[in-house]
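Asker: structure for the following, please:
(one chain, ligands or ions: 3)
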Amino acid sequence: MKNVLSIQSHVVFGYAGNKSATFPMQLMGIDVWALNTVQFSNHTQYGKWTGMVIPKEQIGEILRGIDEIGELKNCDAVVSGYIGSAEQVEEIVRAFHQVKARNPNAIYLCDPVMGHPDKGCIVADGVKEGLINQAMSEADIITPNLVELRELSGLPVENFEQAVAAARAILAKGPKKVLVKHLNKAGKDRTQFEMLLANEEGIWHIGRPLHYFEREPVGVGDLTAGLFLANKLQGKSDIAAFEHTANAVNDVMQTTYQQHSYELQLIAARELIINPISRYKAVKIA
Ligand SMILES: Nc1ncnc2c1ncn2[C@@H]1O[C@H](COP(=O)(O)OP(=O)(O)O)[C@@H](O)[C@H]1O
Ligand SMILES: Cc1ncc(COP(=O)(O)O)c(C=O)c1O
Ligand SMILES: [Mg+2]
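Answerer: Ligands and ions are numbered 1, 2, ... in the order given. Below is the predicted model:
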């Protein structure tokens, strides 16, 4: 059994952060050690929420506790997602170093969740800078959306060619794989939901159908990052992991759409996450 330390938000109601990533990773046969960066009533795109940011010391404290029972060496990967404060970024990087000290083969997937004022995704000041300056170079895998692709690469990304160049620029900064969760306006085709995968061997693209939601569900990025990591830990190739991730997420989106739900329908789609019906294929474009 592979074990993932998943450092993300917790929402009591609904699905985002660890609530969006943990169950799907478990369905994929991965044991998830969920460490929460915040505990909120609901995700921030409702515009209001209650709850608290977990004090940054807790990250080191929890790592120490796991180490003291001799289990840290069994951690195969760390994933970080929605981060509650700028100070937590440093603690997360330190946590990964502690894991690496006990298991040199452990990998780090950084889902660089940044604020997105237009969408209503609120992230604390300084987190973006921490992700760019401290976390990115440590990550084996990084999973930006379009806004995050621009910020991490420092390049303009207005079209597909620029998105490819930005993904390559990030590869030069340390990460071995860049999964662009959503190309958005920098895609090839406005009628599709498109993703990109860049590694040292090339660049692959997947397009899948766009659903016209009244309000787009939150937590899709967290689901995407979690599934890609789970697939990799199960020993799949990058392309097979990319295809399973895109197809499982598409089936979750379709289920959510059919149920007219604003919250991701992960439980209803549980069997589809394991065995997606969708069969979209990755196409090598460079
Ligand atoms: N097939 C789809 N059709 C329409 N919208 C989708 C589809 N899949 C995902 N989405 C929406 O696209 C948005 C992607 O948001 P974005 O900020 O670009 O990336 P992420 O959620 O990956 O961080 C989300 O709001 C999600 O609900
Ligand atoms: C509490 C919380 N966690 C995580 C996220 C990230 O969600 P997504 O996967 O849609 O980027 C958000 C976005 O608003 C959020 O409010
Ligand atoms: Mg996101």
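Asker: run the chain-centre distance for the helix ranked longest in the chain.
Answerer: Longest among the helix segments of the chain by residue count, using DSSP state H, is helix 238-258. Computed by C-alpha atoms, centre = their mean, to the nearest Å, the chain-centroid distance of helix 238-258 equals 14 Å.
Asker: ok, that helix near ligand 2 or not?
Answerer: No: judged by C-beta under 6 Å from any ligand atom, helix 238-258 and ligand 2 are separated, with a smallest distance of 10.6 Å. Using the backbone N, CA and C atoms, a C-beta is placed for each residue, glycine as well.
Asker: can you pull out the low-pLDDT segments for the stretch 51-200 of the chain?
Answerer: The model of the stretch 51-200 of the chain has no residue with pLDDT under 70.
Asker: enumerate the residues of it near ligand 2.
Answerer: By the rule C-beta under 6 Å from any ligand atom, the part of the stretch 51-200 of the chain lying against ligand 2 is 82, 113, 121.
Asker: pretty sure the second one is touching residue 83, no?
Answerer: Spelled out, it's residue 113. Yes: between residue 113 and residue 83 there is a contact under C-beta atoms under 8 Å: 6.9 Å.
Asker: and these two? Which one has more around it.
Answerer: Legend: neighbour count by other C-beta atoms under 10 Å for residue 113 and residue 83, higher for residue 83 (32 against 27).
Asker: name the element the more buried one belongs to?
Answerer: Here residue 83 is covered by no helix or strand, with elements defined by DSSP states H and E.
Asker: and the one 4 residues further on, by the same measure?
Answerer: Remark: residue 87 resides in helix 86-102, with elements defined by DSSP H and E.
Asker: could you say what helices and strands that helix packs with?
Answerer: strand 2-11, helix 57-68, strand 77-80, helix 127-130 (3 or more C-beta pairs under 8 Å, 6 or more residues apart in numbering; DSSP states H and E).
Asker: contact partners of it?
Answerer: 5, 7, 37, 53-54, 56-57, 59-60, 63, 67, 72-73, 75, 78, 80, 83, 106, 108, 124-127, 129-131, 134-135, 138 (C-beta atoms under 8 Å, 6 or more residues apart in numbering).
Asker: how about a cut-off of 7 Å?
Answerer: Contacts to helix 86-102, defined as C-beta atoms under 7 Å, 6 or more residues apart in numbering, come from residues 5, 7, 37, 56, 59-60, 63, 67, 72-73, 75, 78, 80, 83, 106, 108, 124-127, 130-131, 134-135, 138.
Asker: stretch 231-251 too?
Answerer: Outside stretch 231-251, the residues touching it (C-beta under 7 Å, 6+ apart) are 2, 4, 28-30, 76-77, 177, 179, 195, 197, 199, 204, 206, 208, 220, 223-224, 227-228, 269, 272-273, 276-282.
Asker: now do stretch 103-116
Answerer: 73, 75-83, 96, 99-100, 121-123, 128, 131, 135-136, 138-144, 147-148, 151-152, 221-222, 225, 229.
Asker: tell me what residue 38 is bridged to.
Answerer: Going by DSSP bridges, residue 38 is paired in beta bridges with residue 53.
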